[in-house]
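Colleague: Quick check, what structure comes out for this input:
(2 chains)
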There are 2 protein chains.
Amino acid sequence: MNETITSRDNEKVKHACRLRDEEARRTAEGLFFAEGPKLCLELSAACRCTACFATQRALDRTPELAKFDSVTWPVADHVADKLSSTKNSQQVFCLFKLPHPGPEALAGARRILALERVQDPGNVGTLIRSAAAFGFDAVLLDRGCASPFSPRTLRASMGAAARIPVVVTRNLPGELTALRQRGVTCLATALRGAVPLDTVGREFAGGLCVVIGSEGQGLTDAAIDACDQAVKIPMTDRAESLNAAVAGSVLLWHFRGC
Amino acid sequence: MNETITSRDNEKVKHACRLRDEEARRTAEGLFFAEGPKLCLELSAACRCTACFATQRALDRTPELAKFDSVTWPVADHVADKLSSTKNSQQVFCLFKLPHPGPEALAGARRILALERVQDPGNVGTLIRSAAAFGFDAVLLDRGCASPFSPRTLRASMGAAARIPVVVTRNLPGELTALRQRGVTCLATALRGAVPLDTVGREFAGGLCVVIGSEGQGLTDAAIDACDQAVKIPMTDRAESLNAAVAGSVLLWHFRGC
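Modeller: Got it, this is the predicted structure:
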C-alpha cells in the first residue's frame, strides 16, 4: 500500500482522469480506467491492474481489493469525487492494461458480432455483454462505434469486454469480405430484402457473423452489400422499432453457441 | 393557435412541469407530459392531447403538429428550456390524457408481461416497447416499478405504453394467482429450480404470463411462489448476467405472438 493521496492536483490522479476521458490517450498508453469495486475485480480476472485508487472506507468494505495492494493508493473523499464519472462515487478506481487481441481472435472465431456506427456506449456495452453471455467468440467494431473501454461502455458491458476479444477496424466491409472468403456467413440486420429471423437456421458450417448498425440510421449500404443475406426481427405494428441493444441481443440469442 | 408564452412563470408552463416531475399529480389529474415531436405524434394516435407547447421553429419544422392547433401555445426558447427534461431540448411538449385500461385488459389477454420492482425507467420503457413489438396483449406492473408515464420511461418505450394496456397493481402475487385460476400459465424468471428457456414450449392453451424482477434483486419469493414454474436463460460463464431489459426481451421474443 502506498501513501494516501489528499490533493486533487496529484499527478497520478490527473493522469487517471485523462485516461477516463480521452480515448486517444487510452490508445496511446495502452491503459484504461474503470470504476467500482465489482467491475474492477471482474476486470482483474482478465486484465493486469497497474493502479488502484480507493477510499479507506471502500478498502475496508471490500477485502478482496487487497489483491491490488502493491499498486494501491488510498485517496481522500474529495479526491474520489474528482475521479468519479458518476453522480454517486463508487470510491474504487483502477487502471488496467488494454487487452490487445491479435488477428487470431477473428481467425479462429466461429461466432462473431460486428457493429457499425453504434455510437451509444450503453448499447455497445450491452451488446458486448450479450455476445459474451450467448457464446460468441469475438466482437468486431468499426471506428464509428463508441469506445469499448470508455467508462460508460464498461459499465454497460460489466467487464465482458475483457473476457471476449474486441477488435476495432477501419474497414468493416473489407473485414466482412475477408470473413466470407474463409467461409463465414455474414448476416446483416436490415429491412430491405430481409428474411424473418425465425425462418433462419441456427447452424452455419463455416461460422457466422451477425452485423448490426446504429439505432437511427441502420447499416451502410457498403456493409449490407458485403453480407450474404439480410435478416429482420418480425414484430407487430404496435411498436415502430426495438431498442438497438434489445434487437441485437435477440439476434445473438437466436444464433447462440450455448 | 393561442398566444405565445414568453414567461417561465406562466401558470400553464408551471403546471406542465409539475406533471412532468410528479407521479402523484399525474395520477390525481389523469394527465401526463411528453417531450419531442416524434413521441408526441406517436402518442396522439392513442391518447387525447390536451395541450401542446412548442417553439415557432419546431412548429415550422414539423407541419404534422398542426393537428394540435386548437390546444397549441407557442413558447419562447427560454420557456422551452424550462419545459425540457433533457439537455438538448426537443422544443415540443404535450399533455395527454392518461389511458385507463379497465379490468378487461387483463381478462382478455393471452400474453401478459408482469414486472416486479423494476425501478429503472429505461428498463421498464424498453420492456413495454418489446412487449408491444412481440405481440403481448398487456403489461402488469407492481407499484415498485418505475412509472410507465414518466418522461424517462416514455422515451425508452417510444410511446408503446399508449398502444398496449399497462395495469398497475398493489398486489402482484394476488394478480398472478387470479391469472392462474383462469388457466394462464405464469412463468417466473429466476434461477432457483428453473428450467432453461430453450426447453420450454412457446404455446400455452390458457395463455401465458412472463414475470420479471429487478436486475439487482430479482423476484420476491412471494412472486416466484405464485407462479407455475421458473425459467432461466442459458448462458456461458463469460458473462455473469444479462442487462435486465435484454433478458426480459429475449423471453418476450421466445414467447412472441407474432
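
Colleague: The stretch 101-250 of chain A against chain B: which residues are in contact?
Modeller: A:126, A:129-130, A:132-135, A:156, A:158, A:160, A:163-164, A:233-236, A:238-243, A:245-246, A:249-250 (C-beta under 8 Å from any C-beta of the partner chain). No exception for glycine: its C-beta is placed from N, CA and C like everyone else's.

Colleague: go with 7 Å
Modeller: Contacts of the stretch 101-250 of chain A with chain B, taken as C-beta under 7 Å from any C-beta of the partner chain, map to A:126, A:129-130, A:132-135, A:158, A:160, A:163-164, A:234-236, A:238-240, A:242-243, A:245-246, A:249-250.

Colleague: Show me which of these are buried.
Modeller: For these, a burial check counting by 16 or more other C-beta atoms under 10 Å in any protein chain shown picks out A:126, A:129-130, A:132-135, A:158, A:160, A:163-164, A:235-236, A:238-239, A:242-243, A:245-246, A:249-250.

Colleague: can you pull the contacts of the residue in the stretch 51-200 of chain A that chain B sits nearest to?
Modeller: For the stretch 51-200 of chain A and chain B, the shortest gap (C-beta to the nearest C-beta) falls at residue A:133, measuring 3.6 Å. Applying C-beta atoms under 7 Å, 6 or more residues apart in numbering or on different chains, we find residue A:133 in contact with B:235-236, B:238-239, B:242.

Colleague: just checking: which of the residues you listed also lie near chain A?
Modeller: Among the contacts of residue A:133, chain A is touched by B:235-236, B:238-239, B:242 when using C-beta under 7 Å from any C-beta.

Colleague: Just give me the closest of those to residue B:86.
Modeller: Nearest to residue B:86, judged by C-beta to C-beta, of the ones next to chain A among the contacts of residue A:133 is residue B:242 at 27.2 Å.

Colleague: who's in contact with stretch A:218-234?
Modeller: Outside stretch A:218-234, the residues within contact range by C-beta under 7 Å, 6+ apart are A:116, A:172-173, A:176-177, A:180, A:185-198, A:200, A:211, A:213, A:242, A:247, A:250, B:258.

Colleague: Can I have the buried ones of those as a ChimeraX selection?
Modeller: Command for ChimeraX that selects the buried part of the contacts of stretch A:218-234, burial taken from 16+ other C-beta under 10 Å:
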select /A:116,172,173,176,180,185,186,187,188,189,190,194,197,200,211,213,242,247,250 /B:258
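
Colleague: Among the contacts of stretch A:218-234, which lie within helices?
Modeller: Taking DSSP state H, the ones among the contacts of stretch A:218-234 that sit in helices are A:172-173, A:176-177, A:180, A:247, A:250.

Colleague: ok, which pair from these is furthest apart?
Modeller: Once C-beta to C-beta is applied, these give A:177 and A:250 as the farthest pair, at 26.2 Å.

Colleague: Mind pulling up the pLDDT for residue A:158?
Modeller: Residue A:158 is assigned 89 on the pLDDT scale.

Colleague: Kindly apply the preceding question to residue A:86 instead.
Modeller: So, for residue A:86, pLDDT stands at 79.

Colleague: What of residue A:244?
Modeller: Looking at residue A:244, its pLDDT stands at 89.

Colleague: List the contacts of it.
Modeller: By C-beta under 7 Å, 6+ apart, the contact list for residue A:244 reads A:118, A:123, A:214-215.

Colleague: Repeat that for residue A:252.
Modeller: By C-beta under 7 Å, 6+ apart, the neighbours of residue A:252 are A:113, A:130-131, A:134, A:136, A:210.

Colleague: if you set the cut-off to 6 Å instead, what comes out?
Modeller: Applying C-beta atoms under 6 Å, 6 or more residues apart in numbering or on different chains, we find residue A:252 in contact with A:130-131, A:134.

Colleague: Flag the shaky bits of the stretch 151-258 of chain A, pLDDT-wise.
Modeller: Along the stretch 151-258 of chain A, segments meeting pLDDT under 70 are nowhere present.

Colleague: Please enumerate the strands of it.
Modeller: Ranges of strands in the stretch 151-258 of chain A, per DSSP state E, counting those that start in this stretch, are A:166-169, A:185-189, A:194-196, A:208-212, A:229-232.

Colleague: quick one: what helix or strand has the spatially most central residue of chain A in it?
Modeller: Residue closest to the average C-alpha location in chain A (C-alpha atoms, centre = their mean): residue A:148, at 3.8 Å. Using DSSP states H and E, residue A:148 sits within no helix or strand.

Colleague: Against chain B, how distant is the spatially closest residue to residue A:84 that is not a sequence neighbour?
Modeller: Distance criterion C-beta to C-beta, 6 or more residues apart in numbering or on different chains; nearest residue to residue A:84, sequence neighbours excluded, is residue A:35 at 6.5 Å. Separation of residue A:35 from chain B (C-beta to the nearest C-beta, to the nearest Å): 17 Å.

Colleague: now residue A:22
Modeller: 21 Å.

Colleague: Contact partners for that residue?
Modeller: Contacts of residue A:22 (C-beta under 6 Å, 6+ apart): none.

Colleague: just residue A:64 next, same as before
Modeller: Residues in contact with residue A:64 (C-beta under 6 Å, 6+ apart) are residue A:41.

Colleague: And the pLDDT for it?
Modeller: pLDDT at residue A:64 comes out at 96.

Colleague: Shouldn't it be within a helix?
Modeller: Yes: secondary structure of residue A:64 (DSSP: H, G, I helix; E, B strand; the rest coil): part of a helix.

Colleague: Helices of chain A, residue ranges please.
Modeller: With DSSP H as the criterion, chain A has helices spanning A:11-21, A:23-29, A:37-44, A:56-61, A:77-83, A:104-107, A:121-133, A:151-157, A:172-181, A:221-225, A:244-254.

Colleague: Deepest-packed of those, please.
Modeller: Comparing these by mean neighbour count (mean count of other C-beta atoms under 10 Å in any protein chain shown), helix A:121-133 ranks first with a mean of 27.

Colleague: same question for that helix, mean pLDDT?
Modeller: In this model, helix A:121-133 carries a mean pLDDT of 96.

Colleague: Convert the C-alpha atoms of that helix to PDB, please.
Modeller: Taking Å, rounded to 0.1, in the frame of the first residue of the first chain, the C-alpha atoms of helix A:121-133 are listed here in PDB:
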ATOM      1  CA  PRO A 121     -21.900   3.500 -25.200                       C
ATOM      2  CA  GLY A 122     -24.800   1.800 -23.400                       C
ATOM      3  CA  ASN A 123     -25.800  -0.100 -26.500                       C
ATOM      4  CA  VAL A 124     -22.200  -1.100 -27.400                       C
ATOM      5  CA  GLY A 125     -21.600  -2.300 -23.800                       C
ATOM      6  CA  THR A 126     -24.800  -4.200 -23.500                       C
ATOM      7  CA  LEU A 127     -24.200  -5.900 -26.900                       C
ATOM      8  CA  ILE A 128     -20.700  -7.000 -25.900                       C
ATOM      9  CA  ARG A 129     -22.200  -8.400 -22.600                       C
ATOM     10  CA  SER A 130     -24.900 -10.300 -24.500                       C
ATOM     11  CA  ALA A 131     -22.300 -11.600 -27.000                       C
ATOM     12  CA  ALA A 132     -20.200 -13.000 -24.200                       C
ATOM     13  CA  ALA A 133     -23.200 -14.500 -22.500                       C
END
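
Colleague: angle of that helix against strand A:208-212?
Modeller: With axes from the mean of the first three to the mean of the last three C-alpha atoms, to 10 degrees defining the directions, helix A:121-133 sits at 170 degrees from strand A:208-212.

Colleague: tilt between helix A:121-133 and helix B:244-254?
Modeller: If you take the same axes, to 10 degrees, helix A:121-133 sits at 60 degrees to helix B:244-254.

Colleague: how far does helix A:121-133 sit from the chain's center?
Modeller: 6 Å (C-alpha atoms, centre = their mean, to the nearest Å).
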